[in-house]
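Peer 1: just need the structure, nothing else, for what follows:
(chains A, B, C, D, E and F)
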6 protein chains.
Amino acid sequence: MPGAVFRRGDRVTLRTVEHEDAEFLQRGHNDPDVAVPLGVNMPENESEAQASIEDHEGDNLNVSLLVCLEDGGDPTPIGQVYLMDLHHTRPELSYWLLPEYHGNGYGTEATEVLVDYAFNAHEIRGLQAQAFAPNDGSVGVLENLGFEHEGTLRDARFRDGEYVDVVWYGLLREEWEDAEVDD
Amino acid sequence: MPGAVFRRGDRVTLRTVEHEDAEFLQRGHNDPDVAVPLGVNMPENESEAQASIEDHEGDNLNVSLLVCLEDGGDPTPIGQVYLMDLHHTRPELSYWLLPEYHGNGYGTEATEVLVDYAFNAHEIRGLQAQAFAPNDGSVGVLENLGFEHEGTLRDARFRDGEYVDVVWYGLLREEWEDAEVDD
Amino acid sequence: MPGAVFRRGDRVTLRTVEHEDAEFLQRGHNDPDVAVPLGVNMPENESEAQASIEDHEGDNLNVSLLVCLEDGGDPTPIGQVYLMDLHHTRPELSYWLLPEYHGNGYGTEATEVLVDYAFNAHEIRGLQAQAFAPNDGSVGVLENLGFEHEGTLRDARFRDGEYVDVVWYGLLREEWEDAEVDD
Amino acid sequence: MPGAVFRRGDRVTLRTVEHEDAEFLQRGHNDPDVAVPLGVNMPENESEAQASIEDHEGDNLNVSLLVCLEDGGDPTPIGQVYLMDLHHTRPELSYWLLPEYHGNGYGTEATEVLVDYAFNAHEIRGLQAQAFAPNDGSVGVLENLGFEHEGTLRDARFRDGEYVDVVWYGLLREEWEDAEVDD
Amino acid sequence: MPGAVFRRGDRVTLRTVEHEDAEFLQRGHNDPDVAVPLGVNMPENESEAQASIEDHEGDNLNVSLLVCLEDGGDPTPIGQVYLMDLHHTRPELSYWLLPEYHGNGYGTEATEVLVDYAFNAHEIRGLQAQAFAPNDGSVGVLENLGFEHEGTLRDARFRDGEYVDVVWYGLLREEWEDAEVDD
Amino acid sequence: MPGAVFRRGDRVTLRTVEHEDAEFLQRGHNDPDVAVPLGVNMPENESEAQASIEDHEGDNLNVSLLVCLEDGGDPTPIGQVYLMDLHHTRPELSYWLLPEYHGNGYGTEATEVLVDYAFNAHEIRGLQAQAFAPNDGSVGVLENLGFEHEGTLRDARFRDGEYVDVVWYGLLREEWEDAEVDD
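Peer 2: Just a heads-up that it's a prediction; the model follows:
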């Protein structure tokens, strides 16, 4: 059973990651459709997934939350969102959803809730995120949220047998505020 | 099931925090309506909530108690009170209630019981408490208990996307005694 | 129960190695028909098998996966594949299947999935593998995958009471790509 | 011999605290004329002074520097400055000089260099400092630097046999910038 | 006395970092003219400098070397070069010289020797480096070496009291080879 | 001063490696003319060289000896020889000389003394050695000693900016005995 609600969107919640979520997270982290776009290229067994949850307990610099679909019954975990390096000027955002939940706007909704939390709760100048050039889905979510394309590091990662560019996006506080007003 | 009664008011009790209370505390600590006014801005999973309870076992400098509503049946946990740094000249008081229990005077009652315990059981000169300026509810409780406004630290915390003042309140022993007489 | 699916072939999957797999792995590692061709000549108790799994948790330089037969019901573990020294120019591949599963092409299928993973996910120049000269089965799998015979180290190992040659095979990236096209 | 120069004023430098400085620091920390105004009321032996230096090595949240008088020959250590909780919205500043160096403006100069460093190098909203009401010297230095009096916590510390008020001062970034322009 | 010569340029050598170099490195790491452009904002005492040298002993993923001026007599240490994350697709290069040695092309020479070492000794796709936008000297060295400007992360660091852009540069292997031919 | 004589040739001795030899070894291990042909691509400071000597103290599986030129006066260290994995069927031999001592047959003489020691003192089936294809000097020494070329692993290492083949050589006990007779 997923943990306590930390922040809430229209259709999804961000809930705390509990020990019982190791199996769900492990399934996502090993699935090539999830892991390859994230740049993850090693298998993870359940014990490593469990250790990763426990290692982050008490960590005040990184946030990891479960994305859950709330449709009346029990919440259904469908992905994960992260904020890394909250002590940096622009912490880094990333996220993944299980492939069967793509295409419904859940990714945009979950990351929007996370972005609002980040700017409301932390004294940060902005957020940043990276994507691999061909990964259009991820880029689309970032652009929906108002992130600006700031650079393209050529051939900076290796995946699917070839070098791919790493595309950097950034969102400054005033851009987030403007987007809030537009909502 | 909440723990043993430690101190008792008219409608609420302050009860010991038991291992089984981790889930209740976790729910409160993640709820933005509870956590943001307290200045808490990170998620807490159940294991962290449990560790926090266990880490304070044997701690002689801080007191944490469950606020429970006693209305005949089983006691219902509705919040938490703290006293921090009991070895200081003026230890610090804080508290929270679940939002659905606001507005009934339970906060004033629970903190009054705690303040009486603090002055009766400990050789302290006074108590202090801080609030964020816009958080009127919390300030009201402090003023009900006779706390004096002693200072306003400008822009000393960040919440809800902006800097807020931290307001300090203090209650000296003779002020508490005078208030006792008035009751 | 085997762990999460990491990569998938037609009939077999490569799944993460879980703590519960120690007994299966131990059975293979002690069976002379499995161990002798691998050059393993010492007994392994279950605690050693368990330790070996745990010692590789968090290891980013070596990959070990369970080969599972997927035939509708629960997955059946039938062997193990490894990639060693992923930071080397040509990491080393090895594998074993329980004897009762030899002769069905499962070895070729499992190693082919592993080879594809290795070249797609890692910036390697090639792969290498060693076999003992008389071990035709293993050599056949390597040759099916396009590996080239690159050398024969005379009398470099001892097994079955005599010195045997160690035969080295290598597969370069362009050879793997050409083989991919032919598929 | 004092450590490397970290920041430089007209007559004093702020230098890194080295293991060899334990004896100097210990002398200051035990001297009632230094320690009482700081609220320090326990003895410190040289081993404790040494441990305190070593415990802060690798600490990224607090800064401690030696104030050295530079008058041509070898630098002469005359006091210490601190910044505490650099991850807070308003970190806290404190300092002390050996009594024989009071009254020459060295305290104002050293803390001014520290304040400039704090605002230039760290993304902070402001700085805060506390003083005991009767300690005019310390308050004078804060007011020279543009700090505003923000509150007086009554009877919040005990020294010299009686309760004393704790006076809080704050300096916001724009106030520091304005003071810079005035220089 | 600086350590063994690792690589050699016309006027400078890159030498191994020895325990005796802690004092020199500490002086550089505390000097605002060196540290601020590198993004270093905390003091470092000699013991921390020493620990940093020792912590990197046996580290195969990062290279740190002393830049020494060789002008006939004993070698004179004038700065430091680093390669970070050699297991990444594009490791990161950085360097500093003491201010009194700027403007003589020593920085270009030292980093050119390091770049040649990086591409000759390691199977890397490219190198990357970051600079703060206003730091023209550093950018000039990168452009001299053929690095391409790949992106500008807006307001991504804080220095000298304001947010500054982080400018990313990259050099791919074929660009390095072309530049070699041109020499 | 080099250590005790362990084995003696006509012009060179193999002497024990002493703590005082760290500086000599470090010089060799950092010199590109020595290190690149050995496949060493990271700097080594004196403390690492020292640790490497100390780590092998009490090691019964590997032998490291200093090659010293004996020409009447004090012995002059000119290189190093190694035997690795003495518990393997065919341990591995390697060696280096400072460049200024190449071309005088010292390498052949030193390795011949080592090979004789290896076969005389240990129950081994043979010895093996690897070289990079273009490194003719090393191959010449092996062929002088009767080693047979057994294989060429294509593109198995990276040096001087390109992939190079690794050439394996082997010498079996009877081949060594025959060569002894021929002497």
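
Peer 1: count of residues packed around the residue in chain A that chain F sits nearest to?
Peer 2: In chain A, no residue comes nearer to chain F than A:Phe158, which is 15.8 Å away by Cβ to the nearest Cβ. In short, each C-beta sits where N, CA and C put it, glycine included. For A:Phe158, the number of neighbouring residues by other Cβ atoms under 10 Å in any protein chain shown comes to 19.

Peer 1: likewise for A:Asp71?
Peer 2: 10.

Peer 1: doesn't A:Gly28 lie inside a helix?
Peer 2: Yes: counting by DSSP: H, G, I helix; E, B strand; the rest coil, A:Gly28 is part of a helix.

Peer 1: where does it land on pLDDT?
Peer 2: On pLDDT, A:Gly28 comes in at 95.

Peer 1: was I right to think it contacts A:Glu100?
Peer 2: No: with contact defined as Cβ atoms under 8 Å, A:Gly28 and A:Glu100 do not form a contacting pair (11.4 Å).

Peer 1: which one's more surrounded, the two?
Peer 2: The residue with more neighbours, out of A:Gly28 and A:Glu100, is A:Gly28; 23 against 9, by other Cβ under 10 Å.

Peer 1: what sits against A:Ala4?
Peer 2: By Cβ atoms under 8 Å, 6 or more residues apart in numbering or on different chains, the residues touching A:Ala4 are A:15-16, B:26-27, B:29-31, B:44-46.

Peer 1: highest neighbour count among those?
Peer 2: Within the contacts of A:Ala4, B:Asn45 tops the neighbour count with 27 neighbours, counted by other Cβ under 10 Å.

Peer 1: list the residues that contact that residue.
Peer 2: B:Asn45 neighbours (Cβ under 8 Å, 6+ apart): A:3-4, A:16-19, A:53, A:57, B:26.

Peer 1: what about the strands in chain A?
Peer 2: A:5-8, A:12-16, A:63-69, A:76-84, A:92-97, A:126-132, A:148-159, A:162-172 (DSSP state E).

Peer 1: nearest to F:Pro75, out of those?
Peer 2: Smallest distance to F:Pro75 across the strands of chain A (Cβ to Cβ): 50.2 Å, for strand A:148-159.

Peer 1: which residues in the closest one does the neighbour count mark as buried?
Peer 2: A:150-151, A:153-159 (16 or more other Cβ atoms under 10 Å in any protein chain shown).

Peer 1: then stretch A:88-99?
Peer 2: Those would be A:88-98, for stretch A:88-99 by 16+ other Cβ under 10 Å.

Peer 1: give the contact list for the residue of chain A closest to chain F.
Peer 2: Residues near A:Phe158 by Cβ under 8 Å, 6+ apart: A:164, C:121-123, E:89, E:125.

Peer 1: quick check: residues of chain A near chain C?
Peer 2: A:26-27, A:29-32, A:36, A:41-48, A:51, A:158-161 (Cβ under 8 Å from any Cβ of the partner chain).

Peer 1: could you report the distance from whatever residue of chain A ends up closest to chain E to E:Gln128?
Peer 2: Across chain A, the shortest distance to chain E (Cβ to the nearest Cβ) belongs to A:Gly151, at 1.3 Å. Using Cβ to Cβ, to the nearest Å, A:Gly151 is found at 11 Å from E:Gln128.

Peer 1: what of A:Glu175?
Peer 2: Counting by Cβ to Cβ - A:Glu175 and E:Gln128 are separated by 26 Å.

Peer 1: model confidence score at A:Val181, please.
Peer 2: pLDDT at A:Val181 comes out at 62.

Peer 1: err, A:Pro134, not the other one
Peer 2: Looking at A:Pro134, its pLDDT reads 69.

Peer 1: surely A:Asn120 touches A:Glu180?
Peer 2: No: the criterion here is Cβ under 8 Å, and A:Asn120 misses it with A:Glu180 at 9.9 Å.

Peer 1: what residues does chain A put near chain B?
Peer 2: Residues of chain A lying near chain B (Cβ under 8 Å from any Cβ): A:3-7, A:14, A:16-19, A:53-54, A:57-58, A:60, A:63, A:65, A:119-123, A:177.

Peer 1: of those residues, grab the buried ones for ChimeraX.
Peer 2: The following ChimeraX line selects those of the residues of chain A next to chain B that are buried, judged by 16+ other Cβ under 10 Å:
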select /A:3,4,5,6,7,14,16,17,18,53,63,65,119,120,121,122,123
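
Peer 1: nearest residue to the residue nearest the centre of chain A other than its sequence neighbours?
Peer 2: Geometric centre of chain A, nearest residue: A:Tyr95, 1.9 Å, by Cα atoms, centre = their mean. Using Cβ to Cβ, 6 or more residues apart in numbering or on different chains and skipping residues adjacent in sequence, the residue nearest A:Tyr95 is A:Val81, 4.3 Å away.

Peer 1: please name the bridge partners of that neighbour.
Peer 2: The partner list for A:Val81 in beta bridges (DSSP bridges) reads A:Leu65, A:Tyr95.

Peer 1: so what's the residue count around A:Gly73?
Peer 2: For A:Gly73, the number of neighbouring residues by other Cβ under 10 Å comes to 7.
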